[in-house]
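K.L.:
got a predicted structure here, sequence first:
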Amino acid sequence: MLLMSFNLFQLPWPLQPSHRDKAARARAAEAVIREARPDVLVLNEAFSGEALDLVRSLADDWPHRTPVVGRHTRWLAVSGGVAVLSKLPITARHQVVFTDHCLGTSDRFAAKGAALVRFDGWWVAGTHLQADAWQPRRAHAVRTRQLTTIRRLVERIVPPSEPVVIAGDLNVGLARLAEAGRTLGATLHPAPTWTYDAMTNPLARPAGYRDVLDHIGAFHGADVRAVIGPVSVAGFEGDTIPSDHYPVLAKIEY
């Protein structure tokens, strides 16, 4: 089973006002996804109408999907931007919206959270954690609480006989990956190359740094733990760069 996690960089207006640009990047993202042909696809930053059009366009090959996390949370301006698409039938689905966020960041207006999806005897948790803020220690503390929320969701819902995989833009760099795994109760497998790279990706260039932020991992709690194959990073071809993040892929066995 092949799993892909892809941060689409499809932000809402007015953060990204150009519908033409977002539509072109969504088409480029679709080409990347169809080339990779994952069995399960975790999307992050699916905030825009163009992102929802992409989800609908992919329905021919990925007919099973969750709603976007937090889409109908009335007290926040936008959804959480996370959705799970699949070639495989979904037998159960749950979501949680985080109550923690950093003031002074756009995350405070987003219903970020996690989607927890069951297939035939195994689960995927797709998520997108707090982005770094002008106070990185505070952002790290928020991410730690968000990871704890996901762990508690998994412990409450998933029986110990069924393995759980987590995937998404965790906004956790290599320096703190092991710590994040301990908080989550999981082993996170880093990609071999940068998934956010200001040196090679023009859309990431304004941030001025490179790191591995997008991860795939397996929870420890199951009697039968999922085995994560080597994580790889999908590159981009063509004139249109679809996102500031490179998607990650891994084969899953359980």
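P.N.:
Okay, I see it.

K.L.:
from residue 45, how far out is residue 176?
P.N.:
As judged by C-beta to C-beta, to the nearest Å, residue 176 and residue 45 stand 21 Å apart. The way it works is simple: take the backbone N, C-alpha and C, and place the C-beta from them, glycine included.

K.L.:
with residue 154 instead?
P.N.:
23 Å.

K.L.:
next up, phi/psi of the residue of the chain positioned farthest from its centre, please.
P.N.:
Distance from the centre of the chain peaks at residue 223, with 25.3 Å (C-alpha atoms, centre = their mean). Main-chain dihedrals, residue 223, degrees, to the nearest 10: phi -60, psi -30.

K.L.:
wait, it touches residue 164, no?
P.N.:
No - counting by C-beta atoms under 8 Å, residue 223 sits too far from residue 164 to count as a contact (11.7 Å).

K.L.:
picking that back up, residues touching the residue farthest from the centre of the chain, list them.
P.N.:
160-161 (C-beta atoms under 8 Å, 6 or more residues apart in numbering).

K.L.:
okay, it: pLDDT?
P.N.:
As predicted, residue 223 sits at a pLDDT of 84.

K.L.:
for residue 199, the count of nearby residues, please.
P.N.:
If you count neighbours by other C-beta atoms under 10 Å, residue 199 ends up with 10.

K.L.:
okay, it and residue 248: tell me how far apart.
P.N.:
Distance of residue 199 to residue 248, given as C-beta to C-beta: 18 Å.

K.L.:
all helices for this structure, in order.
P.N.:
For the chain, the helices defined by DSSP state H cover 19-36, 49-57, 136-157, 177-184.

K.L.:
redo those helices as JSON lines? Include mean pLDDT and distance to residue 6.
P.N.:
Formatted as JSON lines, those follow (pLDDT from 0 to 100; distance: least, C-beta to C-beta, whole Å):
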{"stretch": "helix 19-36", "mean pLDDT": "98", "distance to residue 6": "7"}
{"stretch": "helix 49-57", "mean pLDDT": "97", "distance to residue 6": "10"}
{"stretch": "helix 136-157", "mean pLDDT": "96", "distance to residue 6": "19"}
{"stretch": "helix 177-184", "mean pLDDT": "98", "distance to residue 6": "19"}
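
K.L.:
the stretch 1-150 of the chain: strands as residue ranges?
P.N.:
Listed in chain order, the strands of the stretch 1-150 of the chain (DSSP state E, counting those that start in this stretch) span residues 2-10, 40-46, 64-65, 83-86, 92-97, 113-118, 123-128.

K.L.:
so how far is residue 149 from the residue nearest to residue 227 when sequence neighbours are not counted?
P.N.:
Using C-beta to C-beta, 6 or more residues apart in numbering and skipping residues adjacent in sequence, the residue nearest residue 227 is residue 253, 4.3 Å away. Residue 253 sits 27 Å away from residue 149, going by C-beta to C-beta.

K.L.:
higher neighbour count, these two?
P.N.:
Neighbour count, other C-beta under 10 Å: between residue 253 and residue 149, residue 149 has more, with 18 against 10.
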